[in-house]
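> Requesting a structural model of the entry that follows:
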Amino acid sequence: MTNPVLITLYGIKNCDSVKKARSWLDAQPIVYAFHDYRVEGLSAELLEIFVEQLGIDAILNQRSTSWRQLDDAQKQNLTAEKAQQLILSNPTLLKRPIVAIGEQLLVGFNPDTYTKAL
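Got it, this is the predicted structure:
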């Protein structure tokens with residue numbers, strides 16, 4: 001089955017939310033590409049697209065283990081630029097998954113939201 005739009009799921013393969021999203025997409029069946037940050041990395045250009053469309057607050061996961069492992073100096077005086085640099089050096093700071101459906105970006109896994117977007 002082919003989709004009329006390109007779908008890319010961004011995340012890391014061992015993340016529970018990413019696993020749920022992949023299982024849901026596989027069950028549809030939906031053809032999609034999976035971009036694993038740990039394997040394929042995260043470019044500054046892709047991160048900039050995420051920030052422009054979603055905002056830094058929507059994509060920076062401040063409840064993650066990765067965030068808790070940062071030292072206090074890294075967390076203080078957090079600007080959008082500083083947050084982007086932290087994410088580029090540690091992509092697991094991104095909320096997961098981020099799904100691109102054509103030009104639309106979705107953060108997190110919600111079957112109802114995915115259904116509406118597709």
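
> and the closest residue to Cys15 other than its chain neighbours, how many residues sit next to it?
Spatially, and ignoring its direct neighbours in sequence, Cys15 is nearest to Arg96 (4.8 Å; C-beta to C-beta, 6 or more residues apart in numbering). All C-beta spots, glycine's among them, are computed from the backbone N, C-alpha and C. Neighbour count for Arg96, taken as other C-beta atoms under 10 Å: 23.

> thought Arg96 was touching Leu9?
No: using C-beta atoms under 8 Å, Arg96 is not in contact with Leu9; the gap is 9.3 Å.

> so what sits against both of these two?
Counting by C-beta atoms under 8 Å, 6 or more residues apart in numbering, the contacts common to Arg96 and Leu9 are Val18.

> which ones are touching the residue positioned nearest the centre of the chain?
Closest to where the C-alpha atoms of the chain average out (C-alpha atoms, centre = their mean) is Ile98, at 3.1 Å. Counting by C-beta under 8 Å, 6+ apart, Ile98 touches 9-11, 50, 54, 59, 105-107.

> what sits opposite it in the beta ladder?
For Ile98, the beta-bridge partners are Tyr10, Val107 (DSSP bridges).

> Could you tell me how many residues sit around Ala73?
Around Ala73 there are 7 residues (other C-beta under 10 Å).

> do you know how far it is from Leu94?
Separation of Ala73 from Leu94 (C-beta to C-beta, to the nearest Å) stands at 21 Å.

> rewinding a little: may I ask which of the contacts of Ile98 has the most neighbours?
Gly11 (25 neighbours).

> So what touches the helix or strand of the chain with the lowest mean pLDDT?
Between all helices and strands in the chain, the lowest mean by mean pLDDT, DSSP states H and E belongs to helix 72-75, at a mean of 88. Helix 72-75 has contacts (C-beta under 8 Å, 6+ apart) with 67, 86.
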